[in-house]
Structure formats: structure tokens, C-alpha cells
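Novice: What follows is a predicted protein model with its sequence.
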Amino acid sequence: MNRYPLWKYIVIAVALVTGMLYTLPNFFPEVPAVQVSSSKSAVKIDNALLGTIEDTLKADKIPYRGTELDPIGIKVRFNDFDTQLRAKDLLQKKLGDNYIVALNLLSSSPHWLASIGALPMYLGLDLRGGVHFLLQVDMKAALDKAADRYTTDIRSLMRENKVLYSGVGREGTNIVLRFKDDTERNKARFEIEKAFPDLQVRPQDAAGGDLRLVAGLSPQAQTRIQEGAVQQNITILRNRVNELGVAEPIIQQAGTDRVVVQLPGVQDTARAKDILGRTATLEIRMVNDDPGALEAAVGGSVAFGSDLLYDRNGQPVLVRKQVVLTGDRISDAQSGFDQRTGEPAVHVDLDGTGARIFKEVTRDNVGKRMAILLIEKGKSEVITAPVIREEIGGGRVQISGRMSSREANDIALLMRAGALAAPMEIIEERTVGPSLGKENIAKGFDSVKYGFVVLALFICAYYMLMGVISTVALLVNLMLLVAILSMLQATLTLPGMAAIALTLGMAIDANVLINERIREELRWGSTPHAAIQAGYERAWGTILDSNVTTMIAGIALFAFGTGPVKGFAVVHVLGILTSMFSAVFVSRGIVALIYGGRRKLDRISIGQVWRPASTTTAPAKS
Amino acid sequence: MEFFRISRDIPFMRHALVFNVISLLTFVAAVVFLAVRGLNLGVDFRGGTVIEVNYGHSVDFGKVRQALDKLGLGTEASAQSFGASDTALIRLPLQQGVSSAQISDRVMTALKADDPSATQRRVEFVGPQVGKELYQNGALALLLVSIGIVFYLALRFEWRFAVAAIVANLHDVVIILGFFALFQWEFSLPVLAAVLAVLGYSVNESVVIADRIRENFRKMRKASVTHVIDSAITSTLSRTVITHGCTLLMVLSIFFFGGESLHYFSLALAIGICFGIYSSALVMASLVMWLGVSREDLVKPDRNRGMAGDKILP
């Protein structure tokens, strides 16, 4: 009668075992750990480094629970948070700047589970604490910058080819050249088109008899520049994040002009914001040291071609407008100490072009001062304005004097992180403190737990043994849902946990439908076996239809939702899928196991089935 | 145990007009509240900054407000208790040219200077552009869900059911929004998620009834349309109440244990579930009746007499 073929039991058994295996890691508590990864692609993480780390820890008598080497880096587990902090400081000091030493929490689940890919659920920032930023890249600025660069390049191209022009300037993102005669203009056009295939050049005659040549970036070039700008900014953000020492940072492009930065587990959120928020560009310019010029500028009459700026201590500095170098010529910057005087210093490496320009400028300006400017949102600040002591060739520059180690460190970081290709602005921020994350987990867990217990009690009381079966099916549903979430490493958020609770509440619908159908069949006189058969079969169509509509809503939420809402949608959709399997397939399997073997079945334990005395008497009673 | 002992079909459809008038009135009331009071949009949609600060002891809001006033953040800056008495929620409107990082840091520094026990638990900043996008995306999601559901139901049942179901369930959505407008509860992203989930969920209810109506058309060959619908609602009533009761149980569990940030989320779900029962059983079914559903529309004729959905002319 209600027997189930063997293969169906095998499917159920496989699902259950897999589900259990993948749910298992979530039951192991997290232990404090330190993660060492490389900050440069050239630096390899290998067994030799693992040995160094182990030796360092042993030498300092810091107890650790175990080490492991994986593609991301080396992870060392500890017994408590104090040891973890001590170990982090020690390793950071020992390993230096080439490595990122970050605090992390790792699951204490056994190794064999991890080796089959069974990991605990991936918790969202609202559950584990951390920072989430959405940054918007200013694309117009990227294009302006490119146009600026082309203006300079065209000027030197004209000079090299001895083309006579009367002026060159930028109008929006176009570069406009003016000429006195047409042959020169044609020559210029030919040279520009040959040298810069990314520019679209067209002649234009202005009203005043001016012969103009307008060069604009081709659409393809614009797209490329914009994509490049986002990519460069991502790289720079990655460098900055490396400085923070975050175990599992996420830095991704979102849409065409946005970048998402997620730093899970970051405790010092203010510092994270500070470092990331420095959407700064760097410029090196000469200081105007003309006698009296500074005094005049402070008095209100700034000399032509100069800017009056201030340094961090509020001291005025008069800086020439002409830019010597921009931040993108800086390939590296490290804080350290001046070998002669022992004072804190910043060592800067320049790229080839940068080194050549720097050599010329320093040769011509010995004894004068140059200023390193930090430009943040249109406001320039002088980081430092050192005196040029000698001609500096080879592209290695040292900046020292009047700075603390901390300042040297900060300046180096700013210079190393480099100039962004285009300014960025934080347009969304969500920061969750670590303690709040823990509370959120507890709250989400409580919602599921208490809701489930009450629900199970009610269903068991109302449907008796069939209710118990429904409850078991619901439990299987919960387990499978957690297993799939773990397997997919989908991000679990607090709304996601609410979705688990909600999905369980909705999943019971399928069992209620089935049980009500069975009761109804019994009421109209079917035999128990036939009632079970009909109940499951008739309810199936309804269950399918109703779940499809819920699914449509879930998928739309997933497509349009962001952050926590997406987390809700993922769980919701997966929960619908698992519920169809468990509520119909698994529960029927159990029913078949209990009742299927009995040839003669008198009654099913499904609670009281009320039968109307006669279909024509007795008005409705509730 | 069996709660529902109904021996005769309840003549729901006899009172269809009454139900529809009730629905219309609640709907109009909701629309009026929405129009007059509007939704109290949260930081997700309106943009701005929210900072949750924990003090470890009861918050002295006078002092907190004083500290905020000193920063000169505008008159819209507010501080309220959040969940427990030791936690303050500070809301700041969007400010031109000030980044979120700066603003929350400034507030925290000021609060810490006032009372060193202040610790920042959460910061949410949404820029004006993002807020607008989230709003648009939300509206788009609602639209797509509606279209998707109409399409599916039209395919699976018949256009009358699709129209009736979506009207009935959008009426639930409007009523939920009406509640949020009336009480000025904060409308945030999770609430929007709840609203969309409710939409999917109550349609599910309509599907169950529609399924029964179709089945009854097949079984009860002689019965009138009204009788068929009455019988469908009556026979699914028990299941409806129990299922919704169970879901409501879970939602109440979220409401009581899920903490402050899921408060309005669960509230929206709870309202949606309650109205979902009513609208599916009564509004949707009566709409289907008014739209003139007939046996031929649902019961597929024999193959040789034409395809499903074809009208059989006398």
C-alpha cells in the first residue's frame, strides 16, 4: 500500500547524512587565531615561513593549539584572546611589512570536516561585527585627469615636432589647440592622431577666425580609463586594507563605478574609516621661497602662480602652482630611520619617469624646499616640506626631519597607498561592533529556537503521530537548510536568521495541507491507506503552486536586495526548496516506514477526526 | 483535537458584498494615511546617519542631546532610546559636504568626552543617491513580484484568478503600508523585505483556495459557482487558520526574541499574515466571482474538443 521503493529511502539517507556532515561544523565553537598572509605577490607563503612562525612562538614560550598552511596563508590557533594578541604583536614585529598579520576567529571543527569542504556558515557583518563601505568613484575626475595628462603630452609633442600653435588648453574633457594657419593645424592633427590613437581629433573654426583643433577621448578610451580608474582604486584600497591587518577582507567592484569594502571583525572601526576614508591624492611641488612672498601672501596678496597652503601644524607655506610629480610616480614608500642622524624618516622610491624628473628638479633647486601635498576633496595640505640638500638620482628619496615615528609611518602609508586614479566618496556605511554581532547571533538563534519549540508542541498535540512526523520533517528541513547554507557559504545575516524562522513557519504549511487532506479523506470514509495516498497526492499540486509564488517573491528580493535583505532572500529561497523535499518526500518516507508495512490498517494517529453526524443536520460549530 | 467542525459549507459568498465594502474601506483608509501622513522612511531610503551607542547604564538623554546640540548638526538630529534603557539611537540628517566617517567620529568623540562609558555599537550611513536607488529597487522588486505572480497564476489557473489574487494581495501590501503610515513606524529595508515576503506568502494562500475551487468545479458538477467557492473556502478554512497560526507563531517568536532591529520587520509580517488570511479567503474569492469565473474556464475540456481555456460555444 504505502510502501516506499528502496531507492527513495537511499535518496533520503544520502540527503540526511550529507546534511548532517555539513551542519556539523556549525556546532564547534570558534577559537582565536592569527592569520599570516603576504602583502606582496612576490612574497611566498611556504613551509619555511611556517617553520619560522613556529620557532618564533616557541622561542617566546607562547602556547598554540595548531598551525595550518592553506592558499590564503598560515593560520595559528590559540587557547585564549590574550595569547592571540601577544602572538600577533610578536609575529608582526618579527615578520615585518611584507606580511599581513591579522586576528581571526576559526572554527574548531576537526580537520577532516574542513577537508570535505564542510565549513561553518559564513556570517554576515551584522552577525560577526565589522565595517561595510560602499565607495563611489568620481568618474568625471578620472576623465579630467586623463585630459590633463594629454594636454601636457600634446604640448611636448608639438614642441618635439616643431609645430607652431598659438595656444593649448582643456575645455571639459576636450583638449583645444589654436593655430594661426591651416598647414600647421593639419600637421598637428596628423602628429596627434599618429601619437595618440585614443584621441579623436577634429578641426573646428571658431567665430573670430580662430583655427581650432579639438581632441577628445574616444568612447572606448573613456570606458577603458574609467574601468582602469576603478581597478586602480581597488588596488590602492587593497593596499590600505593590508595595512589594517584584516583576516578576510572583501574589496570588490560593484556596478560600473562603485567599490564595496567589507572588513569583518574589525574592532577599531574609527581607524579603519580613517585609513580608508583618506581618499587622497599626492602632489610634489616647489615651495616659493622668494623673500617676503610668504609674508605678503599671509597678508592677503598671494604671488602669481603660487598657492598659500598650510601644514598639519597650521604653519603657512607658499607653494608654486606647477606640479613637479604626482603620486602615481611613487612606487613605494617605507618608514624608517635616517642612517646618519637616526631620526625617523620616510624612504620613497620613484618609478623611471619620476626618477628622471626628480633628478632634474633637485639638480636645479639645491638648497630650496619642495612640498609634498596631500589633496583631499579639493583641499590641499602640506604633509612635509623638506629642503633639497643635493641632487637626487636613482629614484630613491629620503624625507626626514621634525617628525615622530608615528608620523613617518603615516606619511609612508599615505605615499605608498598612492594617489587614487580618481577621488572616491563613501556613499554607504554600515558598521557593527563585535559585541552587537554576538548579541544578534543570540537573538536570531533564540527566535528560531523558541518559535520551533512552540510550533512543534502545537503540531504534535494537534496531529498526534502525524504531527510528530511533521515535526521530524521540519527538523530535517532546518538541518538541510543549515547544511546548504554552509555548503554554499552563503552569507548569513540577522534578517537571514529571521528568514530561517519564517521559512520553518511557512514550511509547516505543506504538512498541514497534507494532514488536513488525510483527515478530510478519512472523514468521508476512505480507508487509512487510501487516505494517506490521496492526502499526499492531492496536496502535492497545491504545495508546488503555493511555493512557486513564494519563490517568485524570494528571487525578486534576491535580485534587487542589498546586504541584509539579500541574506533574507537567500535563506528564504533555499528554505522553500528544502521544505518541499522534507515536507513531502521525507515525511512520506517516515509515514511509509511506520504504516506502510501493515496490511490491515485500522486507524492513523492523526488526532481526532471529527465526522458530522449527518451532512444535512447541525449548523456550523466552531 | 480538531478545531473546525463545520458540517455545512458556510455561505461566504452571500456576504461577498459586505466583505468587499470592508476591504474597500480599509484600503481607502490606508491610502488616506499614506497620503496624509506618509511613510516614516528610515535611513535606508532617506539617507542620513544612524549611530547606536551603548552606555552600560541608563542613558541621560538630556546630556546626549546637549552634546549633539553643541556639534551644531541641525535641528533634525535626534536621540532616542533603542530597545534597552542603556542604549541610545542617534539619528542625523544628511549633511552637504560632510562624510559619514567624519560625522560619526565627531559624534562619538563628543559623546565620549561627555561620558567615557559610551561605546559605539553600530553606525549606518546611507548617502542620498544610495537611498534613492534602494527606494527605486524596492519599488521595482514589488512590481516584478506582482507581474511574476500574475503571470504564473494566469498560466497555471486562469487570468481571473491571477487578477483577483494580485488585487487581493496588493490590498494587503497597501494595508501594511497604511499601518506604517498611521503609526509612523520606521520603514526600513528589512520591512520592505517583509512586505515582499508577505506578498509571496499570501498569494500562496490564494493559490490553495484557487486550487480547491478548480477541484470542486470538477467534482461538484451540478453545483452553482457560489456554492463551489463557498465549499472551497470552507474546506480549506481549517488548514488556513492552522498554517497561518503556525507562521504567526514563528513571527511572534522573532518579534519577542529577535531584538529591536527585527521589530518592525516582524510586525509587518504579522500584519501581513493576519490580513493575508482575510484577503485570500474573502477578497480574492469574491473578486473571482465578480469577474465571472465559470466551470468551463477551469475544467479542461476533452482533448478533441479543444485546448484548455478555449471557450466552448453552444
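Specialist: The structure has been received and is ready for your questions.
Novice: Do a quick rundown of the strands in the stretch 151-300 of chain B.
Specialist: Assigned by DSSP state E, counting those that start in this stretch, the strands in the stretch 151-300 of chain B fall at B:186-187.
Novice: Closest to the centroid, which residue in the chain?
Specialist: No chain in the question, so chain A it is. Nearest residue to the geometric centre of chain A (C-alpha atoms, centre = their mean): A:Ile250, 2.9 Å.
Novice: The chain in question should be chain B.
Specialist: By C-alpha atoms, centre = their mean, the mean C-alpha position of chain B lies nearest to B:Val195, the distance being 2.9 Å.
Novice: what sits against that one?
Specialist: B:Val195 makes contact with B:142, B:173, B:176-177, B:268, B:272 under the criterion C-beta atoms under 8 Å, 6 or more residues apart in numbering or on different chains. To be clear about C-beta, it is placed using only N, CA and C from the backbone, and glycine gets the same treatment.
Novice: In which helix or strand does A:Ala531 reside?
Specialist: In this structure, A:Ala531 sits in helix A:528-560 according to DSSP states H and E.
Novice: tell me which residues in that helix are buried?
Specialist: Within helix A:528-560, the residues that count as buried by 16 or more other C-beta atoms under 10 Å in any protein chain shown are A:528-536, A:538-540, A:542-543, A:545-558, A:560.
Novice: now the helix or strand following that helix, how far from the centre of its chain.
Specialist: Following helix A:528-560 in sequence order, the next helix or strand is helix A:563-580 (DSSP H and E). Distance, stretch centre to chain centre, for helix A:563-580: 21 Å (C-alpha atoms, centre = their mean, to the nearest Å).
Novice: Kindly report the same for stretch A:291-311.
Specialist: Going by C-alpha atoms, centre = their mean, the spacing between the C-alpha centre of stretch A:291-311 and its chain's C-alpha centre is 44 Å.
Novice: Enumerate the positions of it that are buried.
Specialist: For stretch A:291-311, the neighbour count (16+ other C-beta under 10 Å) marks A:293-294, A:297, A:302-303, A:306-309 as buried.
Novice: With stretch A:487-503 instead?
Specialist: Applying 16+ other C-beta under 10 Å to stretch A:487-503 flags A:487, A:490-503 as buried.
Novice: Please list the members of the residues you listed that lie in helices.
Specialist: Counting by DSSP state H, those place A:487, A:494-503 in helices.
Novice: ok, and which of the residues you listed reach chain B?
Specialist: Among these, the residues lying close to chain B (C-beta under 8 Å from any C-beta of the partner chain) are A:494-495, A:497-499, A:501-502.
Novice: which ones are touching A:Asp290?
Specialist: A:Asp290 touches A:Ala303, counting by C-beta under 8 Å, 6+ apart.
Novice: Go ahead and list the helix or strand containing the nearest residue in space to A:Gly305 that is not next to it in sequence.
Specialist: Distances taken as C-beta to C-beta, 6 or more residues apart in numbering or on different chains put A:Lys321 closest to A:Gly305, at 5.1 Å, once the chain neighbours are dropped. Using DSSP H and E, A:Lys321 maps to strand A:316-326.
Novice: Strand partners (parallel or antiparallel) of that strand?
Specialist: strand A:280-287 (antiparallel), strand A:306-310 (antiparallel) (DSSP bridges).
Novice: To A:Asp349, which of the ones you listed lies closest?
Specialist: In terms of C-beta to C-beta, the element of these nearest to A:Asp349 is strand A:280-287, at 13.7 Å.
Novice: how's the chain carved up into domains?
Specialist: No chain in the question, so chain A it is. Using automatic domain parsing, the domain ranges for chain A come out as A:6-23+A:433-595, A:30-108, A:140-222, A:224-428.
Novice: wait, chain B
Specialist: The record's domain parsing of chain B by automatic domain parsing lists B:12-41+B:131-300, B:48-126.
Novice: Lowest average confidence across those, which one?
Specialist: Across the domains of chain B, domain B:48-126 has the smallest mean pLDDT, namely a mean of 82.
Novice: any idea how far it is from the chain center?
Specialist: Chain-centre distance of domain B:48-126: 31 Å, with C-alpha atoms, centre = their mean.
Novice: cool, and stretch A:601-608?
Specialist: On C-alpha atoms, centre = their mean, the centre of stretch A:601-608 falls 55 Å from that of its chain.
Novice: So which residues make contact with it?
Specialist: A:1, A:462-467, A:515, A:518-519, A:522, A:527-529, A:531-532, A:595, B:1-2.
Novice: Let me know which of the domains of chain B is tucked in deepest.
Specialist: Ranked by mean neighbour count, the domains of chain B are led by domain B:12-41+B:131-300 with a mean of 21 (mean count of other C-beta atoms under 10 Å in any protein chain shown).
Novice: before we move on, what SS does the nearest residue to A:Glu390 once chain neighbours are set aside have?
Specialist: Spatially, and ignoring its direct neighbours in sequence, A:Glu390 is nearest to A:Val366 (6.1 Å; C-beta to C-beta, 6+ apart). The three-state assignment at A:Val366 reads coil, by DSSP: H, G, I helix; E, B strand; the rest coil.
Novice: A:Val366 and chain B, how far apart?
Specialist: Separation of A:Val366 from chain B (C-beta to the nearest C-beta, to the nearest Å) stands at 40 Å.
Novice: List the residues that contact that residue.
Specialist: A:388-391.
Novice: Measure how buried A:Val468 is and give me the count.
Specialist: A:Val468 has 16 neighbours, counted by other C-beta atoms under 10 Å in any protein chain shown.
Novice: contacting residues for it?
Specialist: A:Cys460.
Novice: how close does it sit to chain B?
Specialist: As judged by C-beta to the nearest C-beta, A:Val468 and chain B stand 14 Å apart.
Novice: host element of that residue?
Specialist: With DSSP H and E as criterion, A:Val468 is part of helix A:434-488.
Novice: Assign the residue lying closest to B:Ser104 once chain neighbours are set aside to helix, strand or coil.
Specialist: Excluding the flanking residues, the one nearest B:Ser104 by C-beta to C-beta, 6+ apart is B:Val123, at 4.7 Å. Three-state assignment for B:Val123 (three-state DSSP): strand.
Novice: residues contacting B:Val123?
Specialist: Listed by C-beta under 8 Å, 6+ apart, the contact set of B:Val123 reads A:269, A:429-431, B:49-52, B:100, B:104.
Novice: Tell me the one among these nearest to B:Ile90.
Specialist: Of all those, B:Ile51 has the smallest distance to B:Ile90: 4.5 Å, by C-beta to C-beta.
Novice: thinking again about what came up before, so which of the buried residues of stretch A:487-503 is the closest to A:Thr83?
Specialist: Using C-beta to C-beta, the buried residues of stretch A:487-503 come closest to A:Thr83 at A:Leu492, 28.5 Å.
Novice: excluding its backbone neighbours, what's nearest B:Phe151?
Specialist: B:Phe151 sits nearest to B:Ala162 (C-beta to C-beta, 6+ apart), 7.5 Å away.
Novice: Return the residues in contact with the closest residue to A:Val163 other than its chain neighbours.
Specialist: Using C-beta to C-beta, 6+ apart and skipping the chain neighbours, the partner closest in space to A:Val163 is A:Ala188 (4.7 Å). Neighbouring residues of A:Ala188 by C-beta under 8 Å, 6+ apart: A:158, A:163, A:165, A:177, A:179, A:213.
Novice: and if we set it to 10 Å?
Specialist: A:154, A:157-158, A:161, A:163-165, A:168, A:177, A:179, A:201, A:203, A:213, A:215 (C-beta atoms under 10 Å, 6 or more residues apart in numbering or on different chains).
Novice: List the contacts of A:Gly467.
Specialist: A:456-461, A:508, A:511-512, A:515, A:605-607, B:1.
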